[in-house]
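Peer 1: Would you be able to build a 3D model of this:
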Amino acid sequence: MEERGIELDHASINRWVINYSPQLEEKCHCCKRLVWTRWRMDETYIKVKGEWTYLDRAVDKYGKTLDFLLTEKRDEQAAKTCLSRAIRRHGGVPEKITLDGSVANEAALKSDNEEHRTSIEICKIKCLHNLVEQAHRAVKRLTRAMMGFKSFEAAQCTLAGIELMHRLRKGQLEGNEFAGLTATEQFYALALYSLHLARFIHLKTSRHPNLRHNRRRCLSSSRRAVPKQVPPV
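Peer 2: This next block holds a predicted model:
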């Protein structure tokens, strides 16, 4: 912002992060690449309001981020929520998931297998678990300097932005509009895609009042609104 000659207070940037990070992170899932069927799951600690909370994470065998979830408790229900959301967002059940011996994660996997009659294999090999530990370290390196968060909502939104930038650096977006771009340029392209998508949905719902309560039908054809060209940065 200094290079552009714009003076901003840090509180304004914080409000931008809280408002727009979840939206951009959600749009990122619409453009993500396919992942492998062998996953790793683990959790780490994030301090919120002086108390430890738990950040569950799932990555594939190459370290690509699948999903994450910040929870207040470290139990089976939290682990199962993270697993179910990752499966739903990626449209498929993994063949094998590597754990670090977490009782909550193992109980969640067994419960999910029984509930949905799946056969996800549970693996406990420590050397294979280093990928998800490296993903934790990248996030903790940034959050450690923040000395914790003041609210749970702010922590969720800020972590969504951090995870989004890590996905862009890993090249997890798919599409001609993101090919050959740096992480910063991919961020601009994703923001532009989100802007066009929001305008498309607004026009679609304003012309068809019956679709206002069913926006998923608009999302199914929203790729026509994706710009083919990315403006130079």
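
Peer 1: now the helices: where do they sit in this protein?
Peer 2: Secondary structure of the chain (DSSP state H): helices at 10-28, 76-90, 103-116, 130-146, 152-169, 183-207, 216-220.

Peer 1: Would you mind putting these into CSV with mean pLDDT and distance to residue 53 alongside?
Peer 2: The C-beta positions use only the backbone N, C-alpha and C, and glycine is treated the same way. Rendered in CSV, the data for the helices of the chain read as follows (pLDDT from 0 to 100; distance: least, C-beta to C-beta, whole Å):
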stretch, mean pLDDT, distance to residue 53
helix 10-28, 86, 17
helix 76-90, 88, 10
helix 103-116, 90, 14
helix 130-146, 83, 11
helix 152-169, 90, 7
helix 183-207, 68, 27
helix 216-220, 44, 31
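
Peer 1: what's the closest of the ones you listed to residue 124?
Peer 2: The minimum distance between residue 124 and those falls on helix 103-116, with 8.4 Å, by C-beta to C-beta.

Peer 1: who does that closest one touch, helix- and strand-wise?
Peer 2: Helices and strands touching helix 103-116, by 3 or more C-beta pairs under 8 Å, 6 or more residues apart in numbering; DSSP states H and E, are strand 38-48, helix 76-90, strand 121-123.

Peer 1: nearest to residue 184, of these?
Peer 2: Comparing the helices and strands packed on helix 103-116 by C-beta to C-beta, helix 76-90 comes nearest, at 24.8 Å.

Peer 1: any chance of the helices of the chain in JSON lines, with mean neighbour count and distance to residue 62 too?
Peer 2: Output for those, formatted as JSON lines (neighbours: other C-beta atoms under 10 Å; distance: least, C-beta to C-beta, whole Å):
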{"stretch": "helix 10-28", "mean neighbour count": "15", "distance to residue 62": "17"}
{"stretch": "helix 76-90", "mean neighbour count": "19", "distance to residue 62": "14"}
{"stretch": "helix 103-116", "mean neighbour count": "16", "distance to residue 62": "20"}
{"stretch": "helix 130-146", "mean neighbour count": "15", "distance to residue 62": "8"}
{"stretch": "helix 152-169", "mean neighbour count": "19", "distance to residue 62": "13"}
{"stretch": "helix 183-207", "mean neighbour count": "16", "distance to residue 62": "18"}
{"stretch": "helix 216-220", "mean neighbour count": "12", "distance to residue 62": "28"}
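
Peer 1: for the helices and strands packed on helix 103-116, which one sits closest to residue 159?
Peer 2: strand 38-48 (7.4 Å).

Peer 1: relative to helix 130-146, how tilted is that closest one?
Peer 2: Strand 38-48 and helix 130-146 are oriented at 20 degrees to each other (axes from the mean of the first three to the mean of the last three C-alpha atoms, to 10 degrees).

Peer 1: and the gap between the residue nearest the centre of the chain and residue 85?
Peer 2: Note on the chain: the residue nearest the mean C-alpha position is residue 67, at 5.0 Å, using C-alpha atoms, centre = their mean. Distance, residue 67 to residue 85, by C-beta to C-beta, to the nearest Å: 6 Å.

Peer 1: Could you check how far the closest residue to the residue nearest to the centre of the chain other than its chain neighbours is from residue 51?
Peer 2: Closest residue to residue 67 apart from its sequence neighbours, by C-beta to C-beta, 6 or more residues apart in numbering: residue 86 at 3.9 Å. Distance of residue 86 to residue 51, given as C-beta to C-beta: 26 Å.

Peer 1: And for residue 134?
Peer 2: From residue 134 to residue 51 the distance is 26 Å (C-beta to C-beta).

Peer 1: again with residue 63
Peer 2: In this view, residue 63 and residue 51 are 30 Å apart by C-beta to C-beta.

Peer 1: residues in contact with stretch 59-78?
Peer 2: 33, 35-36, 38-40, 43, 46, 53-58, 81-82, 85-86, 89-90, 104, 107-108, 111, 131-132, 134-135, 152, 155-156, 159, 163, 166-167, 170, 172 (C-beta atoms under 8 Å, 6 or more residues apart in numbering).
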